[in-house]
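>>> no FASTA, just this:
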């Protein structure tokens, strides 16, 4: 894809897949759920053309990166540790950091834990939210939004994975990426992704069938558990 290079690197005890292009100051892109390095394919090319070394990893648990089995290996400390090791591997003192969705949350933690390694940070969709020392995150979400709130539904290992397997990765990914339902995202047990109950929405102009097929193929190969484990580790995060 227009000269984007791929390699596997050893960081923080795992093997991580990295997509990159260009030379110069490092811009590190962090994807969310259910995304991959591929989310940043256009930005990688654009930043490289402006004299930057654009780098987008598959975060631990995703696609070609290694996926530890236990959700206890997906805390902010683990993932920030991966990123610091990656920055070291790249030979950079500091990086420009860009994060979306879960990647944005991880980016905030990197700024908190290792501000010495970040030149500047761009957070997309997720503002900084300090922890409430009086209530665990999932407990608070369940009290506020109910048991069907998506983060609550993701908690039981294997449960939502079985639903996705029954419906098919491609159909579920399409629903997530094109959903326009207002209000908190909830996944009722009778039809968690609204498939067939809600008329299908055409793919947006910026996301092709080829793009969808790439995501679906990677999730068919790796599964969703790695990405879901970030949600399952939420209550283990430091205050």
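Looks like it arrived, so ask away. Given the structure is predicted, the values throughout are model-derived calculations rather than measurements.
>>> quick one, what contacts the closest residue to residue 93 other than its chain neighbours?
With Cβ to Cβ, 6 or more residues apart in numbering as the criterion, residue 93 has its nearest non-adjacent residue at 7.5 Å, and that residue is residue 117. For glycine as for every other residue, the C-beta is placed from the backbone atoms N, C-alpha and C. Neighbouring residues of residue 117 by Cβ atoms under 8 Å, 6 or more residues apart in numbering: 84, 87, 93, 94, 95, 110.
>>> please redo it, this time with the cut-off set to 7 Å
84, 87, 94, 95 (Cβ atoms under 7 Å, 6 or more residues apart in numbering).
>>> report how many residues lie close to the residue lying closest to residue 137 once chain neighbours are set aside.
Sequence neighbours aside, residue 234 is the residue nearest to residue 137 in space, at 4.7 Å (criterion: Cβ to Cβ, 6+ apart). Residues contacting residue 234 under the criterion other Cβ atoms under 10 Å number 19.
>>> now do the phi/psi pair for residue 234.
phi -50, psi -40 (degrees, to the nearest 10).
>>> looks like it contacts residue 139 (just checking).
No. At 10.2 Å, residue 234 does not count as touching residue 139 under the criterion of Cβ atoms under 7 Å.
>>> and the helices in the protein, which stretches?
All helices of the chain, identified by DSSP state H, fall at 41-49, 76-90, 102-113, 137-145, 150-153, 159-167, 169-178, 209-222, 225-232.
>>> I'd like to know which of the ones you listed lies nearest to residue 191.
helix 159-167 (9.2 Å; Cβ to Cβ).
>>> list the buried residues for the closest one?
Residues of helix 159-167 classed as buried by neighbour count (16 or more other Cβ atoms under 10 Å): 160, 163, 164, 167.
>>> quick one: residue 79 and residue 106 touch, right?
Yes. Counting by Cβ under 7 Å, residue 79 touches residue 106, with 5.2 Å between them.
>>> contacts only, for the nearest residue to residue 104 once chain neighbours are set aside.
Once flanking residues are discounted, residue 104 sits nearest to residue 126: 3.7 Å by Cβ to Cβ, 6+ apart. By Cβ under 7 Å, 6+ apart, the residues touching residue 126 are 101, 104, 105.
>>> from the contact counts, what lies against the helix or strand of the chain with the lowest mean pLDDT?
Within the chain, no helix or strand scores below helix 169-178, which has a mean of 91 by mean pLDDT, DSSP states H and E. Packing partners of helix 169-178 (3 or more Cβ pairs under 7 Å, 6 or more residues apart in numbering; DSSP states H and E): helix 209-222.
>>> go again with 10 Å.
In this structure, helix 169-178 packs against helix 159-167, helix 209-222, with contacts taken as 3 or more Cβ pairs under 10 Å, 6 or more residues apart in numbering; DSSP states H and E.
>>> quick one, which of the ones you listed is nearest to residue 132?
helix 159-167 (25.2 Å).
>>> state the mean pLDDT of the closest one.
Taken as a whole, helix 159-167 has a mean pLDDT of 94.
>>> same check on stretch 220-238?
The model assigns stretch 220-238 a mean pLDDT of 92.
>>> do you know how far the most centrally placed residue in the chain is from residue 105?
Centroid-nearest residue in the chain, with Cα atoms, centre = their mean: residue 32, separated by 2.4 Å. Relative to residue 105, residue 32 is positioned 8 Å away (criterion: Cβ to Cβ, to the nearest Å).
>>> so what sits against both of those two?
Both residue 32 and residue 105 are in contact with 99, 125, 126, 230, where contact means Cβ atoms under 10 Å, 6 or more residues apart in numbering.
>>> for the closest residue to the last one other than its chain neighbours, what are its contacts?
So the one you mean is residue 230. Of all residues beyond its chain neighbours, the one nearest residue 230 is residue 74 (5.1 Å), with distances taken as Cβ to Cβ, 6+ apart. Taking Cβ under 10 Å, 6+ apart, we find residue 74 in contact with 59-61, 67-68, 226-234, 236-237.
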